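Novice: Next come a sequence and a model predicted from it.
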Amino acid sequence: MNTYHVIGLMSGTSLDGVDLAYCIFTKKNQNWIYKIYYTTTLPYTFFWKQRLNTLMDVSAEKFILADHQYGTYLGEAVREFVSKNGISPDFIASHGHTIFHQPSQHISYQLGHGAYLAAAAGLPVVCDFRTLDIALGGQGAPLVPIGDRLLFNQYDCCLNLGGIANISVASPNGRIAFDTGACNILLNTLVSEVDLSYDEDGRLARQGQVQTDLLEQLNQADYFSAPPPKSLGKEWIDAHTLHLLLAANCSLADKLQTACHHIAYHIARSIKEVLTNTKPYQVLATGGGAFNTYLVELIQRALGNQFAVIVPEPELVSFKEALVFAFLGVLRWQQQPNCLSSVTGASHDNVGGAIYWGKK
Ligand SMILES: Nc1ncnc2c1ncn2[C@@H]1O[C@H](COP(=O)(O)OP(=O)(O)OP(=O)(O)O)[C@@H](O)[C@H]1O
Ligand SMILES: CC(=O)N[C@H]1[C@@H]2OC[C@@H](O2)[C@@H](O)[C@@H]1O[C@H](C)C(=O)O
C-alpha cells in the first residue's frame, strides 16, 4: 500500500486540548508526500484539565480507570470528527497525554489506552510510541524528528515551541534532536494566576522587565549543559524551573518577560551549538508558541541574522505534531523504523507503537 488515510491525535504538555488531524500520505519515488485535510482542536473541559494535571498523585486504580476513560474520550472525539467530515480513515495514530516522563528511571507513560480508544472509535489504533525506545535504553523522545527528516527536510532546523521546546537538526552523524527547555508550560502556568489560559502574542511579557538574578537562577540547571541525548518531563520542569518563577518576588509581567528570555536563550544557544557553519540557515518554528510574536522576536534576536525563523501557515503551526504522529503510525504500519537512535540514544533505530484492532 502506498497511500494511507490517517487521523493523528496529539495532546501536548501545554494542556490546551486534543489536536486531531486527518492526513493523507503517499509514497512516490521513495519520497513521502503529505496533505492535511481536516483538523480540529478540542479544548479540554475543566474536568479533564484538572484530572490530567493531578494524575501523577493518584492511586494505581484511579490511574488505570483514567487511562481507560481518557481512551474512550479520545475514541468518541474521533467518532464525531469522522462523522462530521464524512471520512473513512485506515487507522488512528494516537500519542496520548504524557503523565510521567523520566527516561533515566525507564518511565514514560502516555495516557489514553489504545484498546478503549479503538473500541470507542471502531477503528484500528496505533499508540504507545515511546515504550519500546525506552526499553532499548533510549529517551523515548523526541520522536517527531523522523518526520522532520522525511517530510520537512528542506529546513536546516525544526523548532517546536510547545509546552516544552525542542529542536531537530540533520547532522553528518545522523539527526540530532533534544528538548531545549520548558516553553508554554511556564507562560501558561504564570498567567493562570490571572485566569488566562495563555499570554496572547506575549503582550503581558512585553510589558515586563528582565529580572537578571531570576534569569541566572533559571539558567543554572545542569540539564542545559548536558550533551544529548536528553529530554524533559513536566516533573523536571515543575521542580527545576516553575517553582523558581512562582516563588519570585516580582510582577507577573516581569516573570513572563524573564521566562521568555530564558526560553529564547536556550533555544538559540542549542541551535548555534549544532549549526556551526557560516552559511544562512532556515529554522521552521511550529507549535503554539510560534503564535507568540514576542517570543519569536526574542528567539530571532538571540539567533542573529544568519538564521531566518520561519513561521508557516497556522494549520501547520498548530497541527505539525498531530500530522507527524499520523506519519509515525504509517511507518509503524509498514514496519519501518519510526524512532531514531541518533536522537534518543536507544541501542538501535526501532519500530515503536502498539496496534489495537477496533474494527468489526
Ligand atoms: N496567540 C498566541 N500567543 C501566545 N501563545 C499562544 C498563542 N496561541 C497559542 N499559544 C500557546 O501555544 C500553546 C499550545 O501549543 P501547542 O498546542 O503546540 O502545545 P502542545 O501540543 O502542548 O506542545 P508539546 O506537545 O510540544 O509540548 C497554548 O497553550 C499557548 O501557550
Ligand atoms: C515525553 C513527551 O511527551 N515529550 C514531548 C514533550 O512535548 C515536547 C517535547 O516534550 C517532546 O520531547 C515530546 O513531544 C514531541 C511530540 C516529540 O516526541 O517529538
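Specialist: Cool, got the structure. Ligands and ions are numbered 1, 2, ... in the order given.

Novice: Tell me the confidence at the residue lying closest to Pro337 once chain neighbours are set aside?
Specialist: Take Pro337 and drop its neighbours on the chain: the residue closest to it by C-beta to C-beta, 6 or more residues apart in numbering is Asp349, 3.9 Å away. Any C-beta I mention is one placed from the backbone N, CA and C, and that applies to glycine too. Looking at Asp349, its pLDDT is 98.

Novice: Now do Asp349: how many residues are near it, please.
Specialist: Residues lying near Asp349 (other C-beta atoms under 10 Å) number 20.

Novice: Quick one: residues contacting it.
Specialist: The contact partners of Asp349, by C-beta atoms under 8 Å, 6 or more residues apart in numbering, come to 337, 339-341.

Novice: the strands in the chain, which residues?
Specialist: 3-11, 17-28, 31-43, 91-102, 107-111, 125-127, 157-161, 164-171, 174-182, 281-286, 307-310, 354-356 (DSSP state E).

Novice: distance between stretch 137-154 and the chain's centre?
Specialist: Mean C-alpha position of stretch 137-154 versus that of the full chain (C-alpha atoms, centre = their mean, to the nearest Å) differs by 11 Å.

Novice: Same question for stretch 329-341.
Specialist: Chain-centre distance of stretch 329-341: 18 Å, with C-alpha atoms, centre = their mean.

Novice: rewinding a little: quick check on the contacts of Asp349: which are buried?
Specialist: 339-341 (16 or more other C-beta atoms under 10 Å).

Novice: Of the residues you listed, which ones also sit close to ligand 2?
Specialist: When contact is defined as C-beta under 6 Å from any ligand atom, those do not meet ligand 2 at all.

Novice: which among these gets closest to ligand 1?
Specialist: Cys339 (16.5 Å; C-beta to the nearest ligand atom).

Novice: didn't that closest one look like it was pressed against Ser347?
Specialist: No. In this structure, Cys339 is not within contact of Ser347 by C-beta atoms under 8 Å, at 11.2 Å.

Novice: Return every residue with contacts to both of these two.
Specialist: Joint contacts of Cys339 and Ser347 (C-beta under 8 Å, 6+ apart) are Gly138.

Novice: Ligand 2 contacts on the stretch 1-150 of the chain?
Specialist: Counting by C-beta under 6 Å from any ligand atom, the stretch 1-150 of the chain sits next to ligand 2 at 12-13, 98, 101, 108, 141-144.

Novice: same question, the stretch 251-360 of the chain
Specialist: Glu321.

Novice: Quick check: which ranges of the stretch 251-360 of the chain have low pLDDT?
Specialist: Along the stretch 251-360 of the chain, no part satisfies pLDDT under 70.

Novice: ok, which residues in it are in contact with ligand 1?
Specialist: Checking the stretch 251-360 of the chain against ligand 1 by C-beta under 6 Å from any ligand atom, the hits are 287-289, 291-292, 321.

Novice: mind listing what the closest residue to ligand 2 within the stretch 251-360 of the chain touches?
Specialist: Closest residue of the stretch 251-360 of the chain to ligand 2, C-beta to the nearest ligand atom: Glu321 (4.7 Å). The contact partners of Glu321, taken as C-beta under 8 Å, 6+ apart, are 8, 10, 12, 19, 95, 144, 160, 162, 286-287.
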